[in-house]
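S.K.: Quick one: sequence and predicted model below, then my questions.
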Amino acid sequence: MEQKYSNDDIIEERYDLCKECNHPYTSLDYWCQSCNAKNFQQNFKNWTSGNFNVDKLIRDSQINARNSLEKLEWIEYDNFENIEYVAKGGFGIIYKAIWKEKNNYETVQWNNDNNNNNVNYYKVALKSLNNSKDITSEFLNEIRSHLKMNNSERIVKLYGITKDSKTNDFMMVMEYANNGSLRQKLNKDFNSFGWDEKLYILRDIAYGLGNIHEKELTHQDFHSGNILNIKRNSLSFANITDLGLCKPANEKVEKRNKNVYGVLPYVAPEVLRGKEYMQASDVYSFGIIIYEIFNGLPPYYDMAHDELLAIKICRGLRPGFNIKVPQLIENIAKKCVDADPLKRPTAEYLKKIFDKCYIDYLDKNNEFFKQINEADKFNKKQYNVTKSSINTELIYNTHPQAIYASRLLKFNNLPEPINVDNNNDYLEVEYSESTKIDFTKIDINFQDNQYS
């Protein structure tokens, strides 16, 4: 006789039992929603941020959390030490710090024994928004967007909220990027990058963007400065951050401020013209990042990021490749930056194609691997490039008006976006030298032994 299993039996088989209520944990990270919700509620009286909306947001997350990544914490500022300034972005300031946490953050092992001296130390990033003393809807929206994505792969994790005791600015407490941003990594290590690392990074980014779009969101400020390299359990991953402009994909522009914010080289031409921001606009930004990863250089680094560049982009200017790459990569990048957003691939497609590219690269008998090998031979012959020297850093001069921080972009009467076959066919507009490179200053590591 066939044995029947109830849903409860299946759950008990998959999950261990909660030590407090003896029921199955609600997630694989030893999280019991009912017990943790009860404990959090009992603890509400012991803290406040001083702001009703912030308190409500944190408390709602704690009550409804189905796992450890769906909850936020209010973290007193004196729980941080060794606070250091890192950088200033378009909308706020980033610091790094050490968070002293008595409980285990991942599992929240409740312990009311005040004599317990077990303290965990976490390196975290603190992100303040400009003038957030009076909490803004923008700040709350960024937190909600991050929280919605917190359980997704290749997204920087958000732990909670704190308030700077000196400035009274609210700050987000986030996972620390111990290896910096993608742009920093390219500047520092590009000449030591092999094909495997470039493809691996693109696969990670595609996964992160695909997860954002799967939640029916759009990022809206997608560039290499918002892709962070984070090491987890000795493995490095590219993770997407800065979801401050992240919005529901179906939210109409009439319902919000029509101003366009971003880093000009990464902003899709239809958005520059004031059209609706859509998921395909994120894909355009991804296409620019593809060029950047293979070229090493920031897009349009040698040009002023002004209205003239916006006009050129609408007329079909794209970065192009400064070395030969496999035809598949060239085709993907070109499709991503198509002037018609309806002709761009989806993030889901990009996830699948770069996953396949990475796997195919590992197979020396695969056609894609052969294309990479041929590209290497061509590049070495064409540019007389030798193996990488000790110096792995890029050397280039950025135009004084090339701005890579997010800012307000306001242009009037831009032309209808068009495609051109390539930058050599780009008429009536002087195109960027960013598609060219001085190979006497930059070494590229082709790693011959990988293809032997």
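M.R.: On my side now, so go ahead.
S.K.: Could you use CA atoms for every contact and neighbour count after this?
M.R.: Will do.
S.K.: measure L328 to V337 for me?
M.R.: Going from L328 to V337 by Cα to Cα, to the nearest Å gives 15 Å.
S.K.: For these two, work out which one has more neighbours and name it.
M.R.: The residue with more neighbours, out of L328 and V337, is V337; 28 against 13, by other Cα atoms under 10 Å.
S.K.: Now the more buried one: phi and psi?
M.R.: Backbone torsions for V337, taken as degrees, to the nearest 10, come to phi -100, psi 20.
S.K.: so how far is D338 from the nearest residue to it once chain neighbours are set aside?
M.R.: Nearest non-adjacent residue to V337, counting by Cα to Cα, 6 or more residues apart in numbering: Y284, 4.7 Å away. Separation of Y284 from D338 (Cα to Cα): 7 Å.
S.K.: do the same with V267
M.R.: 12 Å.
S.K.: any shared contact partners between those two?
M.R.: With contacts taken as Cα atoms under 8 Å, 6 or more residues apart in numbering, the residues that reach both V267 and D338 are Y284.
S.K.: that older thread, common neighbours of Y284 and D338, please.
M.R.: Common neighbours of Y284 and D338 (Cα under 8 Å, 6+ apart) are R344.
S.K.: who's in contact with the closest residue to G316 other than its chain neighbours?
M.R.: For G316, ignoring the flanking residues on the chain, the nearest one in space by Cα to Cα, 6+ apart is N419 at 4.8 Å. N419 makes contact with 315-316, 338-339, according to Cα under 8 Å, 6+ apart.
S.K.: of those, closest to Y261?
M.R.: Closest approach to Y261 among the contacts of N419 (Cα to Cα): A339, at 19.4 Å.
S.K.: helix or strand for the closest one, which one?
M.R.: Under DSSP states H and E, no helix or strand contains A339.
S.K.: In this structure it contacts I418, no?
M.R.: Yes: A339 is in contact with I418 according to Cα atoms under 8 Å; the separation is 5.4 Å.
S.K.: the more surrounded of these two?
M.R.: Neighbour tally, A339 and I418, criterion other Cα under 10 Å: the higher count belongs to A339, 23 against 14.
S.K.: show me the contacts for that one.
M.R.: Residues in contact with A339 (Cα under 8 Å, 6+ apart) are 269-270, 314, 316, 417-419.
S.K.: again, but for I212
M.R.: Neighbours of I212 in contact, by Cα under 8 Å, 6+ apart: 149, 218-219.
S.K.: what do you get for S224?
M.R.: Counted by Cα under 8 Å, 6+ apart, S224 has contacts 181-183, 289.
S.K.: hmm, which two among those are most spread apart?
M.R.: Farthest apart among those - using Cα to Cα - are S181 and I289, which lie 12.7 Å from each other.
S.K.: quick one: which of these two has more around it?
M.R.: Comparing S181 with I289 by other Cα under 10 Å, the one with more neighbours is I289, at 26 against 21.
S.K.: Please, where are all the helices along the stretch 151-300 of the chain?
M.R.: 182-189, 195-214, 269-272, 279-295 (DSSP state H, counting those that start in this stretch).
S.K.: so is the closest residue to Y361 other than its chain neighbours in a helix, a strand, or just coil?
M.R.: Counting by Cα to Cα, 6+ apart, Y361 lies nearest to F369, which is 4.9 Å off, once chain neighbours are set aside. When classified by DSSP: H, G, I helix; E, B strand; the rest coil, F369 comes out as helix.
S.K.: in the protein, which spans are strands?
M.R.: Along the chain, the segments classed as strands by DSSP state E run 73-74, 80-88, 92-101, 120-129, 158-163, 170-175, 217-218, 227-232, 235-240, 247-248, 260-262, 407-409.
S.K.: Format these as CSV; extra columns: mean neighbour count, distance to F193 and mean pLDDT.
M.R.: Shown next, in CSV, are the strands of the chain (neighbours: other Cα atoms under 10 Å; distance: least, Cα to Cα, whole Å; pLDDT from 0 to 100):
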stretch, mean neighbour count, distance to F193, mean pLDDT
strand 73-74, 19, 38, 95
strand 80-88, 13, 25, 91
strand 92-101, 18, 27, 89
strand 120-129, 21, 27, 86
strand 158-163, 23, 30, 94
strand 170-175, 23, 25, 92
strand 217-218, 25, 30, 92
strand 227-232, 21, 14, 88
strand 235-240, 21, 14, 89
strand 247-248, 18, 34, 58
strand 260-262, 20, 28, 90
strand 407-409, 16, 31, 91
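S.K.: Could you save these as CSV and add columns showing distance to F52?
M.R.: Output for these, formatted as CSV (distance: least, Cα to Cα, whole Å):
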stretch, distance to F52
strand 73-74, 13
strand 80-88, 23
strand 92-101, 23
strand 120-129, 18
strand 158-163, 13
strand 170-175, 13
strand 217-218, 26
strand 227-232, 32
strand 235-240, 29
strand 247-248, 23
strand 260-262, 29
strand 407-409, 30
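S.K.: Pretty sure the residue nearest to V337 sits against K334.
M.R.: No: with contact defined as Cα under 8 Å, Y284 does not count as touching K334 (9.4 Å).
S.K.: Wait, Y159 touches M174, no?
M.R.: Yes: contact criterion Cα under 8 Å: Y159 and M174 qualify, at 5.5 Å.
S.K.: and S165, how many neighbours?
M.R.: So S165, with other Cα under 10 Å, has 11 neighbours.
S.K.: of the strands of the chain, which approaches N379 most closely?
M.R.: The closest of these to N379 is strand 235-240. By Cα to Cα, the value is 27.1 Å.
S.K.: Check which helices and strands that closest one sits against.
M.R.: helix 195-214, strand 227-232 (3 or more Cα pairs under 8 Å, 6 or more residues apart in numbering; DSSP states H and E).
S.K.: one more time with 10 Å
M.R.: helix 182-189, helix 195-214, strand 227-232 (3 or more Cα pairs under 10 Å, 6 or more residues apart in numbering; DSSP states H and E).
S.K.: Least reliable of those by average pLDDT, please.
M.R.: When the helices and strands packed on strand 235-240 are ranked by mean pLDDT, strand 227-232 comes last with a mean of 88.
S.K.: Name all residues that make contact with the nearest residue to K123 once chain neighbours are set aside.
M.R.: Spatial nearest neighbour of K123, chain neighbours left out: I98 (4.6 Å); criterion: Cα to Cα, 6+ apart. With contact set as Cα atoms under 10 Å, 6 or more residues apart in numbering, I98 has these partners: 79-84, 120-126, 176.
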